[in-house]
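Undergrad: Pasting the sequence and the predicted coordinates here, then a few questions.
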Amino acid sequence: MNLFEQTICEMAAKVLNSADESGVWEPFELNELIEQPPNPEMGDYALPCFSFAKSLRRSPIKIAEELADKLQTDLNHDSSVTAIQAVGPYLNFTVSAVVMAETVLPDIFLGTYFKAPSKIALERVMIEYSQPNTHKGFHVGHMRNVALGDSLCRIYKYNGYEVVGVNYIGDVGAHIAKCLWFFRNHNTETPPEHFRGEWLGELYTQAVKKLDDAQGQEKIKFQQEVSQILQKLEAKDKEFTREWKMTREWSLKDFYEIYEWLDVNFDHIFYESEVDEEGRKIVLEGEQNGTFERSEGAIGINLEEENLGFFMLLKSDGNTLYATKDLALAQRKFDEFGVKRSIYVVGAEQTLHFKQVFATLKRMGYVQVGQCFHLPYALVMLPEGKMSSRAGNVILFSQLRKEIIESIQSTHLAEHREDWSQLELNETAQKIAVAAIKYGMLNQDSNKQIVFSMKDWLISEGDTGTYLVYAYVRIRSIGRQIPREVSSDVDFSLLVHPNEKKLLRQMLDFNRTVYNSGEQYRPSLLARMLYEFSKNFSRAYNTCSVKHAETAQLQAARLLLFHCVAETLLQGLHLLGITPPERM
RNA sequence: GCUCCCAUAGUUUAACUGGAUAAAAUAGGGGUUUCCUAAACCCUAGCUCCGUGUUCGAGUCACGGUGGGAGCGCCA
């Protein structure tokens, strides 16, 4: 509850309790009801009166009128509330822009505002995301996961949680055997200098195709060869292990380069290869003590009670499954990392899988499963259907990155080519590209599919990441041109323009928006707020000039306001994983 | 066959979790640069898949359809 909400709730509680002797309204209860009117002319805060109708036995419209009448006498000149009016069934409050500015601007200027949430020390939470497979290409679908997970890590940290952001890389399994099979037996090319991991992904696709296309005797022969490689890998055969390690490094090198470019950092990286054995052990022990059962040669658990069917945990040939390793991984998260809360950022197609994993962990006696959450997100699709490394119809991340950078360089940065260093041109293009990609992945709800079309991602107008960073650089540009130090010692009463007030309101609500984004697992809330915020800045930029302010006092006040807008935008963008350039 | 997700201007998405006149972007039409970066701003036109129900009130909840996507024991 901020200063304004508190004042409003206290005023409303007082007058409600005097009107209704049967019930007692506490200010904090009323705070739950507080909303924001659809447009600022109606007011800044609204109290809907529907819920009072029953006990007061009057229509909400009448109640709002009566309350508004009674409250008029409570208004005085230095109050934070400047006007109260009834609009239909709503009681609307207009608050003082001056008080708002006094409340929020000095704190932002000093930086204390952004440090407040982290002062509350909350529990340790692990966020698992990215999970790419080695020997496959990193495509734009993987990017959605990375953007979501990274942003959530940043938001949770900001909100006071102790965050452990982890990756879980798939470096074992049948797809690797297929890739190596093709690499050894059918490949004629020499590995390229760069992006060897992507090249392996192509080999994998070719391997799948060759296996699918093969007929009769040949098909059987191929399948035996692949199966043999898989067994040799499982048995830690020296030669194959060496080859696996070498090619695995190629993929990892690609991944780490991408993470670095994206400014994504993990606190820890798990590999499937390290939990493989552990998982097998857990399942075999579970079979011994009767938690799991053998069925058709394989081991699994009957989850009919939970309405989740039969969950396979170990193949009949004794090889591990994805599920096997997930049990071991969960055990490590709880036992070794002591996490209280565990978030899995994984595609929605695995919703059933995680329900089964969590149910199995519960049967095994892990009470912590109550704090395990699968955060699903919908796929990035191609117009012709699902992206699949198997089928080879993917848009590689490296291609998206390359095209966006080329587009930025040629259409916008060309004009600076004469006077900027090559280094700055490159860094600026990178920052804008990262903004465009991450914002594009985060600005919509995660349970909605994204149909990928390259031309959509090259747009730099309107509701895009580029727009946000452009707003930021324009504010910084103001600062460079005004020969005046930013100071919080200004006359706040000069900030009277509606556009300025909108900005103040959004800054006042910033920390709450970040909090909600985290608790609801929705970085999109923050992304959208920042877009609206940038939009409001752009409007203010056109209506409230700093350079051409009528008086020196007004200039100083606006300079402070816009400086604070830039600081807030910088913080917000950072929480989305975006670092804006200082000029563009 | 069963289960889950999605459906809103021509297109891509919002709507504070059941509240006020459904809001942006883009595409379309028109305008703004002797003045802090026109990657911007202003004006204009255009929308809740179809039924039934729940209640003061439904884009939002329930049930039944239609269309798209995903999942359902040896893939990850």
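TA: Thanks, I have the structure now.
Undergrad: Tell me both backbone torsions, phi and psi, for the residue in the stretch 451-584 of chain A positioned nearest to RNA strand B.
TA: Distances between the stretch 451-584 of chain A and RNA strand B by C-beta to the nearest atom of the strand are smallest at residue A:462, namely 2.1 Å. C-beta coordinates here come from the backbone N, C-alpha and C atoms, glycine included. Main-chain torsions, residue A:462, degrees, to the nearest 10: phi 70, psi -140.
Undergrad: Count the neighbours of it for me.
TA: 9 (other C-beta atoms under 10 Å).
Undergrad: Quick check: pLDDT value at it.
TA: Residue A:462 is assigned 96 on the pLDDT scale.
Undergrad: how close does it get to residue A:239?
TA: Using C-beta to C-beta, to the nearest Å, one gets 56 Å for the distance from residue A:462 to residue A:239.
Undergrad: What of residue A:268?
TA: As judged by C-beta to C-beta, residue A:268 and residue A:239 stand 31 Å apart.
Undergrad: And these two? Which one has more around it.
TA: residue A:268 (15 against 8).
Undergrad: Write down the beta-bridge partners of the more buried one, one by one.
TA: For residue A:268, the beta-bridge partners are residue A:166 (DSSP bridges).
Undergrad: Contact partners for it?
TA: Residues in contact with residue A:268, defined by C-beta atoms under 8 Å, 6 or more residues apart in numbering, are A:164, A:165, A:166, A:167, A:337.
Undergrad: Is there a quick PyMOL command that grabs whichever of those residues are buried?
TA: For the buried members of the contacts of residue A:268, the matching PyMOL selection, counting by 16 or more other C-beta atoms under 10 Å, is:
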select buried, chain A and resi 164+165+166+167
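Undergrad: pLDDT and distance to residue A:118 for the contacts of residue A:268 - can I get that in a markdown table?
TA: Putting these into a markdown table (pLDDT from 0 to 100; distance: C-beta to C-beta, whole Å) gives the following:
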| residue | pLDDT | distance to residue A:118 |
| --- | --- | --- |
| A:164 | 97 | 16 |
| A:165 | 98 | 16 |
| A:166 | 98 | 21 |
| A:167 | 98 | 24 |
| A:337 | 95 | 20 |
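Undergrad: where does the residue in the stretch 1-150 of chain A that RNA strand B sits nearest to fall, helix, sheet strand or coil?
TA: Closest contact between the stretch 1-150 of chain A and RNA strand B, by C-beta to the nearest atom of the strand, is at residue A:46 (2.9 Å). Using DSSP: H, G, I helix; E, B strand; the rest coil, the structure places residue A:46 in strand.
Undergrad: Provide a list of residues in contact with it.
TA: Residue A:46 touches A:34, A:35, A:36, A:37, A:90, A:91, A:92, A:93, counting by C-beta under 8 Å, 6+ apart.
Undergrad: Check the residues you listed and tell me the two furthest apart.
TA: A:36 and A:91 (13.3 Å; C-beta to C-beta).
Undergrad: Looking at those two, which one has more neighbours?
TA: Set residue A:36 next to residue A:91 and count neighbours by other C-beta under 10 Å: residue A:91 wins out with 28 against 13.
Undergrad: I'd assumed residue A:61 was in contact with that one.
TA: No. The pair residue A:91 and residue A:61 fails to qualify as a contact (C-beta atoms under 8 Å) at a distance of 10.6 Å.
Undergrad: in the lowest-mean-pLDDT helix or strand in chain A, what's buried?
TA: Taking mean pLDDT, DSSP states H and E as the measure, the helix or strand of chain A with the lowest value is helix A:53-56, at a mean of 82. For helix A:53-56, the neighbour count (16+ other C-beta under 10 Å) marks residue A:56 as buried.
Undergrad: again with stretch A:210-227
TA: Neighbour-count burial for stretch A:210-227, counted by 16+ other C-beta under 10 Å, picks out A:210, A:211, A:222, A:225, A:226.
Undergrad: my guess is the second one contacts residue A:224, does it?
TA: No. Using C-beta under 8 Å, residue A:211 makes no contact with residue A:224, being 11.4 Å away.
Undergrad: Can you pull the residues that touch both of residue A:91 and residue A:61?
TA: Contact criterion C-beta under 8 Å, 6+ apart; residues shared by residue A:91 and residue A:61: residue A:49.
Undergrad: Spatially central, which residue of chain A would that be?
TA: residue A:148 (3.2 Å; C-alpha atoms, centre = their mean).
Undergrad: Report the secondary structure state of that residue.
TA: Look at residue A:148: counting by three-state DSSP, its state is helix.
Undergrad: ok now do it, which residues does it touch?
TA: Counting by C-beta under 8 Å, 6+ apart, residue A:148 touches A:129, A:345, A:375, A:377, A:441, A:442, A:446, A:523.
Undergrad: got those residues as a markdown table, with pLDDT columns?
TA: As requested, the contacts of residue A:148 are exported to a markdown table (pLDDT from 0 to 100):
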| residue | pLDDT |
| --- | --- |
| A:129 | 97 |
| A:345 | 97 |
| A:375 | 96 |
| A:377 | 96 |
| A:441 | 97 |
| A:442 | 97 |
| A:446 | 95 |
| A:523 | 97 |
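Undergrad: Pick the one among these closest to RNA strand B.
TA: Nearest to RNA strand B among the contacts of residue A:148 is residue A:446, at 8.2 Å by C-beta to the nearest atom of the strand.
Undergrad: right, and the closest one touches residue A:522 too?
TA: Yes. Residue A:446 lies in contact with residue A:522 (C-beta under 8 Å); the separation is 7.2 Å.
Undergrad: if I look at residue A:278, how far off is residue A:160?
TA: Plainly put, residue A:278 is 33 Å away from residue A:160 if you go by C-beta to C-beta.
Undergrad: and if you look at residue A:122?
TA: Using C-beta to C-beta, residue A:122 is found at 5 Å from residue A:160.
Undergrad: Under a three-state scheme, what state does residue A:18 occupy?
TA: When classified by three-state DSSP, residue A:18 comes out as helix.
Undergrad: I'd like to know how many residues surround residue A:390.
TA: 15.
Undergrad: Is the closest residue to it other than its chain neighbours within a helix or a strand, and which one?
TA: Distances taken as C-beta to C-beta, 6 or more residues apart in numbering place residue A:208 nearest to residue A:390, at 5.1 Å, with adjacent residues excluded. Per DSSP states H and E, residue A:208 falls inside helix A:196-213.
Undergrad: same question, residue A:5
TA: Using DSSP H and E, residue A:5 falls within helix A:3-19.
Undergrad: counting contacts, what elements does that helix pack onto?
TA: If you count contacts as 3 or more C-beta pairs under 8 Å, 6 or more residues apart in numbering; DSSP states H and E, helix A:3-19 packs onto helix A:27-33, strand A:45-48, helix A:60-72, strand A:81-87, strand A:90-95, helix A:97-110.
Undergrad: distance between the longest one and the chain's centre?
TA: In this case it means helix A:97-110. Between the centre of helix A:97-110 and the centre of its host chain there is 28 Å, according to C-alpha atoms, centre = their mean, to the nearest Å.
Undergrad: Give the other helices and strands that it contacts.
TA: Packing partners of helix A:97-110 (3+ C-beta pairs under 8 Å, 6+ apart): helix A:3-19, helix A:112-115, helix A:498-519, helix A:552-575.
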